[in-house]
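Visitor: Here's my sequence, what's the structure:
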Amino acid sequence: MTSEFNAELENGYHPNTVAGRYWHKMDDGRIQCDLCPRYCKLKDGQRGLCFVRACQDDQIVLTTHGRSSGFCIDPIEKKPLNHFFPGTPILSFGTAGCNLTCKFCQNYDISKSREMDRLADKASPEMIAEAARKTGCRSVAFTYNDPVIFLEYAVDVAQACHERGIKTVAVTAGYICEGPRAEFYRHMDAANVDLKAFTDEFYMEFCSAHLENVLDTLKYLKHETDVWFEITTLLIPGENDGDQELNEECAWIMDNLGPDVPLHFSAFHPDWKMRDKPNTPASSLQRAQKIAKAHGIRHVYLGNVHDFEGSSTYCHNCGETLIGRNWYQLSSWRLSNDGKCRACGVQCAGRFDGTAGNWGRKRQPVRLS
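Guide: Residues are numbered from 1 along each chain as shown. I've put the predicted structure just below:
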């Protein structure tokens, strides 16, 4: 059932086009967008590959400020984030467009949308933050499509949320340039970064992007911010699930990020332009998990499947089940108020706050009116 939230605070708000940041004028008169490593070079009236950033009046503008593809209250584990206030509800929304061209996109109706009129929910940053507060959400997620392409809107929403004590979460592919990356993550409390694969060939063929830029974002998050982040790799049979590639990915994570960054291996299902591929078998997910743990990664999860053992959180010291979990539903909780194992007292990496939330598996659409 959809709940309707009446935001009297901003009843007259209308979405608008706002001046974008991170661009420069080229010698030939075109404007180059410097937000992401695509560096789209645009003439007046043209849009970038993401479709939501356009060249207008000799500048880059964002065309989707205040326009959303929908709001929904999700479990935080759906992002997926298993170590960021587990069990709590998160108000989730996206806009339209994307700066990657992933042929396996599982939100393609949003990320590949070219129809701005489909963005029916109109919401100011204050309306979103107030909706999160009044519906009891601990945090707000920028998700469904990549929030880096609507950086100005995301930052405005994050500021409004923080004024009300609401956390912010970015679900992203991490494909962003150095300057805007610093501004964007300065306003984020947590992130889940899609590491699509661990070869540049995969990124070029299936995403029209490059692996190195994503790895730079992951290193930046680990070593230059306090943002809590987790990583997700969608395993596509025959494309990015080979033992050698998985070993190289896990070795890189250990060498550059350390053992405490949670890693999620998620099951692929045929979608968008890769409908000829089969679903990921459970055995592939379990094999990937085994490889990751052999490299020393402490928290490795299996996603898009029902698997209690593959979804639960364990103490890396004594093996105690710290958080029993199955398909976003928490079944047990053996962490102290400060996030330590009740059996042996060793700290579990993450952001914890006393007891677990009780949102469960519910998914509740919200209509801002």
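
Visitor: use CA for all of it now, contacts and neighbours both
Guide: Noted.

Visitor: all strands for the stretch 201-350 of the chain, in order.
Guide: 228-235, 263-267, 300-303, 313-314, 321-326, 329-333 (DSSP state E, counting those that start in this stretch).

Visitor: Mean pLDDT, mean neighbour count and distance to Tyr175 for the ones you listed - can I get that in JSON lines?
Guide: What follows is the strands of the stretch 201-350 of the chain, written out as JSON lines (pLDDT from 0 to 100; neighbours: other C-alpha atoms under 10 Å; distance: least, C-alpha to C-alpha, whole Å):
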{"stretch": "strand 228-235", "mean pLDDT": "98", "mean neighbour count": "24", "distance to Tyr175": "14"}
{"stretch": "strand 263-267", "mean pLDDT": "97", "mean neighbour count": "24", "distance to Tyr175": "18"}
{"stretch": "strand 300-303", "mean pLDDT": "97", "mean neighbour count": "26", "distance to Tyr175": "22"}
{"stretch": "strand 313-314", "mean pLDDT": "98", "mean neighbour count": "22", "distance to Tyr175": "29"}
{"stretch": "strand 321-326", "mean pLDDT": "96", "mean neighbour count": "21", "distance to Tyr175": "31"}
{"stretch": "strand 329-333", "mean pLDDT": "94", "mean neighbour count": "17", "distance to Tyr175": "31"}
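
Visitor: Which of the ones you listed sits closest to Gln364?
Guide: Ranking the strands of the stretch 201-350 of the chain by their distance to Gln364 (criterion: C-alpha to C-alpha) puts strand 329-333 first, at 15.0 Å.

Visitor: what residues does the closest one touch?
Guide: Gly87, Thr321, Leu322, Ile323, Gly324, Arg325, Thr355, Ala356, Asn358, Gly360, Arg361 (C-alpha atoms under 8 Å, 6 or more residues apart in numbering).

Visitor: again, 10 Å this time
Guide: By C-alpha atoms under 10 Å, 6 or more residues apart in numbering, the surrounding residues in contact with strand 329-333 are 75, 77, 86-87, 308, 311-313, 321-325, 341-342, 355-362.

Visitor: partners of it, with directions?
Guide: According to DSSP bridges, strand 329-333 forms sheet pairs with strand 321-326 (antiparallel).

Visitor: And the strands of the stretch 201-350 of the chain: which comes nearest Lys134?
Guide: strand 329-333 (23.1 Å).

Visitor: Quick check: ChimeraX command selecting the buried ones in the contacts of strand 329-333.
Guide: Remark: buried members of the contacts of strand 329-333, expressed as a ChimeraX selection using 16 or more other C-alpha atoms under 10 Å:
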select :75,77,86,87,308,311,312,313,321,322,323,324,325,341,342,355,356,357,359,360,361
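
Visitor: Check Tyr144 and give its pLDDT.
Guide: Note on Tyr144: pLDDT of 89.

Visitor: In space, what's closest to it - neighbours in sequence excluded?
Guide: Gly94 (5.2 Å; C-alpha to C-alpha, 6 or more residues apart in numbering).

Visitor: Look at the one you found and report its pLDDT.
Guide: As predicted, Gly94 sits at a pLDDT of 92.

Visitor: residues in contact with Ala209?
Guide: Listed by C-alpha under 10 Å, 6+ apart, the contact partners of Ala209 are Pro37, Arg38, Asn99, Leu100, Thr101, Cys102, Tyr175, Asp200, Glu201, Phe202, Tyr203.

Visitor: Likewise for Val171?
Guide: Val171 touches 79-81, 92, 94, 141-148, 190-194, 229-232, counting by C-alpha under 10 Å, 6+ apart.

Visitor: among these, which are in strands?
Guide: Ser92, Ala141, Phe142, Ala190, Ala191, Asn192, Val193, Asp194, Phe229, Glu230, Ile231, Thr232 (DSSP state E).

Visitor: how about a markdown table for those, with distance to Leu263 added?
Guide: Shown next, in a markdown table, are the ones in strands among the contacts of Val171 (distance: C-alpha to C-alpha, whole Å):
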| residue | distance to Leu263 |
| --- | --- |
| Ser92 | 21 |
| Ala141 | 19 |
| Phe142 | 20 |
| Ala190 | 14 |
| Ala191 | 12 |
| Asn192 | 10 |
| Val193 | 10 |
| Asp194 | 10 |
| Phe229 | 10 |
| Glu230 | 6 |
| Ile231 | 5 |
| Thr232 | 6 |
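
Visitor: Which one of those is nearest to Cys207?
Guide: The shortest gap between Cys207 and any of those belongs to Asp194, at 11.9 Å (C-alpha to C-alpha).

Visitor: Show me what the helix or strand where Thr17 lies is packed against.
Guide: Per DSSP states H and E, Thr17 falls inside strand 16-19. Packed against strand 16-19 by the contact rule (3 or more C-alpha pairs under 10 Å, 6 or more residues apart in numbering; DSSP states H and E) you find strand 53-55, strand 60-65, helix 151-163.
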